[in-house]
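Enquirer: Sequence plus the predicted model coming up.
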Amino acid sequence: MNNYSTIFEAVGGVAGIRRIVEAFYPKVQRNPLIGPLFPADIDPVMDRQTLFLSQFFGGPPLYSDEYGHPMMRARHLPFPITPERAEAWLGCMKEALAETDLPQELQAIILERLSGPAHHFINQP
């Protein structure tokens, strides 16, 4: 991450997070395993994800300021999340990151950081 103290700073702040999110969600929507879990109007999801990832990656508490404590596992419980779906989500993120100009090392750090939560949300065999 070179001279940056957070992933948030390294990706370019909120604007950088938003670019990742905008590359990510079209892939999610096209994915047969996870696309059906998301609403047709993806814009509100992208807005929340931008706020959450900004906070998650060391930026200001934008998500908490707007929605309260993230409680991400609880928020994902209504959705059937299998190990395969967690991997599909991470695969979409990997593809989205590959489309950015972020260094490979930073892309790997981001995926590693997201891997824990993605697997923590699994609630189906």
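Expert: Looks like it came in fine. Numbers count the residues shown, from 1 in each chain.

Enquirer: and Gly16, which of the three is it?
Expert: What DSSP: H, G, I helix; E, B strand; the rest coil gives for Gly16 is helix.

Enquirer: what's the spacing between it and Tyr63?
Expert: 16 Å (CB to CB, to the nearest Å). Yep, even glycine has a C-beta here, placed from its N, CA and C like the rest.

Enquirer: How about Phe79?
Expert: 18 Å.

Enquirer: ok, now Asn31?
Expert: Taking CB to CB, one finds Asn31 at 24 Å from Tyr63.

Enquirer: So which residues of this structure form helices?
Expert: Assigned by DSSP state H, the helices in the chain fall at 7-10, 13-30, 43-56, 62-67, 72-76, 83-98, 104-120.

Enquirer: What are the buried residues along the last one?
Expert: What that stands for is helix 104-120. Leu106, Gln107, Ile109, Ile110, Leu114, Ala118 (16 or more other CB atoms under 10 Å).

Enquirer: one step back: looking at the helices of the chain, which is closest to Leu37?
Expert: helix 83-98 (7.5 Å; CB to CB).

Enquirer: which other helices and strands contact the closest one?
Expert: Under the contact definition 3 or more CB pairs under 8 Å, 6 or more residues apart in numbering; DSSP states H and E, helix 83-98 sits against helix 13-30, helix 104-120.

Enquirer: Output the one helix or strand in the chain whose mean pLDDT sits lowest in CSV with nothing but the alpha carbons.
Expert: Between all helices and strands in the chain, the lowest mean by mean pLDDT, DSSP states H and E belongs to helix 72-76, at a mean of 87. Once non-C-alpha atoms are left out, helix 72-76 reads as follows in CSV (Å, rounded to 0.1, in the frame of the first residue of the first chain):
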residue,chain,number,x,y,z
MET,A,72,-23.5,-7.2,8.5
ARG,A,73,-24.0,-10.8,9.5
ALA,A,74,-27.4,-10.0,10.9
ARG,A,75,-28.3,-8.0,7.8
HIS,A,76,-27.4,-10.9,5.5
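
Enquirer: Many thanks, have a good one.
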